[in-house]
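Asks: no sequence on this one, just coordinates:
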Ligand SMILES: O=c1ccn([C@@H]2O[C@H](COP(=O)(O)O)[C@@H](O)[C@H]2O)c(=O)[nH]1
């Protein structure tokens with residue numbers, strides 16, 4: 001799957017991922033009204049609105065982008081109906097040739113991690129039959145329970161040719177409270193980065209490992225260090241746009257080959273129609289506003305890479 005991600009990035013010349021984080025207040029009124037007319041103001045109605053909103057954004061952007069990152073929390077809050085919209089979104093994006101990164105941030109004791117890995121990346125056994133439940137291509141994983149929480153995910157990735165992005169240095173303002181703590185003079189995020197590089201060696205694709213890392217765009221200096229610590233790991237970089245990250249901050253997340261990083265923007269793309277810059281599209285043409293925001297993001301990052 002890492003090879004498909006790289007080939008999609010090369011084909012589109014867009015080292016970006018669109019975050020499908022469909023919060024209700026981003027969904028235009030006309031989409032919600034139509035869904036509520038059909039299903040009422042119910043969890044099913046909310047899930048239908050999410051699905052229609054995602055579908056329009058994907059239809060308007062899929063030829064420009066290599067991958068999407070649905071954030072499971074935005075679906076899970078609507079219970080089973082929300083999870084059905086999550087699954088429908090995953091399947092639809094895959095049918096459009098996109099790589100799907102499930103932002104699920106799982107990780108637990110070994111036996112529980114094994115079940116998470118089966119559900120999101122693997123196949124579950126039911127009697128004599130097996131089923132792929134959610135079937136994303138990559139999943140985000142929290143490493144802070146240690147190796148036994150990660151190994152079951154790695155095993156499933158090896159079997160299924162899927163991949164992981166392991167949280168190393170997150171983009172949020174308080175990520176340093178724990179992640180920057182020094183242990184024998186080294187910050188914890190660097191130790192986790194070293195571990196990711198080690199795990200990655202066991203899981204090599206042709207050029208890059210299918211065990212990648214998450215490093216926030218909001219910490220470019222740390223990104224520069226971590227790029228060197230994990231030379232063969234793809235870095236998923238959230239924090240562009242709504243959290244303040246810009247193309248110029250991101251050049252050191254990439255390797256000299258122009259590969260090695262994929263930058264996420266969620267609100268900046270899916271709610272672009274609410275920004276002054278894209279207001280001309282109006283809520284009616286929210287998908288076209290997202291398309292314009294994708295074009296601008298790709299140009300910003302590629303220009304920064306050309307000028308480095
Ligand atoms: O360190 C991290 C890890 C994950 N995220 C997720 O990425 C998106 C960011 O959304 P924006 O709207 O582009 O800010 C969201 O799903 C987060 O849960 C992150 O931001 N930082």
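Replies: Perfect, I can see it now. Values in this document were obtained by computation on a predicted structure and should not be read as measured data.
Asks: now the spatially most central residue of the chain. Its backbone dihedrals?
Replies: Nearest residue to the geometric centre of the chain (Cα atoms, centre = their mean): residue 69, 3.4 Å. Here is the backbone geometry of residue 69 (degrees, to the nearest 10): phi -130, psi 90.
Asks: what count of nearby residues applies to the closest residue to residue 232 other than its chain neighbours?
Replies: Nearest-residue entry for residue 232: residue 209, 4.9 Å, with adjacent residues in sequence omitted and distances by Cβ to Cβ, 6 or more residues apart in numbering. Placement of C-beta: from N, CA and C, glycine included. By the criterion of other Cβ atoms under 10 Å, residue 209 has 23 neighbours.
Asks: circling back: which strand residues bridge the residue nearest to the centre of the chain?
Replies: When assigned by DSSP bridges, residue 69 has beta-bridge partners residue 19.
Asks: I figured residue 136 hits residue 120, correct?
Replies: Yes: the criterion here is Cβ atoms under 8 Å, and residue 136 meets it with residue 120 at 5.6 Å.
Asks: those two: which has the busier surroundings?
Replies: Per other Cβ under 10 Å, whichever of residue 136 and residue 120 has more neighbours is residue 136, with 29 against 24.
Asks: could you find the closest non-adjacent residue to that one?
Replies: Distance criterion Cβ to Cβ, 6+ apart; nearest residue to residue 136, sequence neighbours excluded, is residue 102 at 3.4 Å.
Asks: confirm that neighbour sits in a strand?
Replies: Yes: under DSSP: H, G, I helix; E, B strand; the rest coil, residue 102 falls within a strand.
Asks: what about it, neighbour count?
Replies: Neighbour count of residue 102, defined by other Cβ under 10 Å: 25.
Asks: dig out what it forms beta bridges with.
Replies: Beta-bridge partners, per DSSP bridges, of residue 102: residue 139.
Asks: shouldn't it be in contact with residue 70?
Replies: Yes: look at residue 102 against residue 70 with Cβ under 8 Å: they come within range, at 6.5 Å.
Asks: and this protein, which residues reach the ligand?
Replies: For the chain, the residues in contact with the ligand (Cβ under 6 Å from any ligand atom) are 19, 21, 71, 103, 170-172, 214, 216, 238-239, 241-243, 264-268.
Asks: among the residues you listed, which are in strands?
Replies: Among the residues of the chain next to the ligand, the ones falling in strands (DSSP state E) are 19, 103, 214, 264-265.
Asks: may I ask which of those residues has the most neighbours?
Replies: Highest neighbour count within those, by other Cβ under 10 Å: residue 264, with 30 neighbours.
Asks: looking at the sheet around it, what are its partners?
Replies: With DSSP bridges as the criterion, residue 264 is bridged to residue 17.
Asks: okay, helices next: where are they in this structure?
Replies: Along the chain, the stretches classed as helices by DSSP state H are 2-12, 29-39, 43-61, 73-76, 79-95, 110-120, 147-160, 176-179, 188-201, 220-229, 267-270, 286-306.
Asks: most neighbours per residue, which of the ones you listed?
Replies: Greatest average neighbour count among the helices of the chain goes to helix 267-270 (a mean of 23), per mean count of other Cβ atoms under 10 Å.
Asks: which helices and strands does it pack with?
Replies: strand 16-20, helix 43-61, helix 286-306 (3 or more Cβ pairs under 8 Å, 6 or more residues apart in numbering; DSSP states H and E).
Asks: can I get these in TSV with distance to residue 85 and mean pLDDT?
Replies: Output for the helices and strands packed on helix 267-270, formatted as TSV (distance: least, Cβ to Cβ, whole Å; pLDDT from 0 to 100):
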stretch	distance to residue 85	mean pLDDT
strand 16-20	10	98
helix 43-61	4	98
helix 286-306	17	97
